[in-house]
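sequence unavailable; structure follows:
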Ligand SMILES: Nc1ncnc2c1ncn2[C@@H]1O[C@H](COP(=O)(O)OP(=O)(O)OP(=O)(O)O)[C@@H](O)[C@H]1O
Ligand SMILES: Cc1cn([C@H]2C[C@H](O)[C@@H](COP(=O)(O)O)O2)c(=O)[nH]c1=O
């Protein structure tokens, strides 16, 4: 089981429709059964201000720099107002998307400069205390699904926002971006084969957390 005095920061990533949301609530229940307090949150969003930025960025046309800056502005507010306080209280933070999404979508998907994103990551994820390392997730669960399958699932589920309406070639670049992020920090990532029935994906997700002794 997890050390209940220590905060745990877990993020969930993948292209739109990969199946993250389907499993996050179940995981939260598993952590609660293990005696942990859970903060469930998402990006962009997670605070009233960041949710306003989310509505803008998901619906209003803008250039990739604007998009990246709004993602990081929302993230800074979310990090300081929600994530850091919850971790300081020793909670488990389950966050639907974080900075890997910015690299995958704005970087690999839109073609925005990765080194600029790296600088923004440094600025935004420093919590201000000298000597403190950059805030990064303890674990990132990547739901890997072929873009064609994700598109098929989403077409049956809801009307698309500005990102979900993009072509499968865009999502192929985003998926490649996630692969590159994982290659750059393999210890932090767990890759889930999301192209399976829901129950099989759930078994794989649980095993990632059981292996670490975090849930029963
Ligand atoms: N393993 C699966 N097999 C078939 N359909 C699935 C599977 N997992 C999820 N779905 C369905 O696919 C759709 C997208 O799933 P979900 O909302 O969990 O994805 P998501 O990764 O959270 O997407 P987004 O990031 O775009 O919000 C939903 O209609 C969901 O019911
Ligand atoms: C954090 C983040 C998100 N995005 C994109 C990815 C999705 O298309 C939407 C969020 O919608 P979801 O249903 O909550 O997954 O935003 C992005 O482009 N860059 C980011 O940093």
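Structure's in. What do you need? Predicted model only: the values in this text are computed from it and were never measured. Ligands and ions are numbered 1, 2, ... in the order given.

from here on, just use CA atoms for contacts and neighbour counts.
OK.

neighbours around the residue of the chain found nearest ligand 2, how many?
Per C-alpha to the nearest ligand atom, residue 102 is where the chain lies closest to ligand 2, at 3.4 Å. Neighbourhood size, residue 102 [other C-alpha atoms under 10 Å]: 25.

list the contacts for it?
Residue 102 is in contact with 68, 71, 117, counting by C-alpha atoms under 8 Å, 6 or more residues apart in numbering.

what do you get for residue 154?
16-17, 160 are the contacts of residue 154 under C-alpha under 8 Å, 6+ apart.

how far away is the residue with the largest distance to the centre of the chain from residue 85?
The centre of the chain is farthest from one residue, residue 130, which by C-alpha atoms, centre = their mean lies 26.4 Å away. Taking C-alpha to C-alpha, to the nearest Å as the measure, residue 130 falls 18 Å from residue 85.

for the nearest residue to residue 39 once chain neighbours are set aside, which three-state class applies?
Once flanking residues are discounted, residue 39 sits nearest to residue 93: 4.8 Å by C-alpha to C-alpha, 6 or more residues apart in numbering. Assigned by DSSP: H, G, I helix; E, B strand; the rest coil, the conformation of residue 93 is strand.

from residue 26, how far off is residue 93?
Applying C-alpha to C-alpha, the value for residue 93 to residue 26 is 14 Å.

stretch 202-216 near ligand 1 anywhere?
No - shown here: stretch 202-216 not in contact with ligand 1 (C-alpha under 6 Å from any ligand atom), separated by at least 8.3 Å.

ok, back up a step: my guess is the residue nearest to residue 39 contacts residue 40. True?
Yes - using C-alpha atoms under 8 Å, residue 93 makes contact with residue 40 at a distance of 6.1 Å.

fine, thanks again, bye for now.
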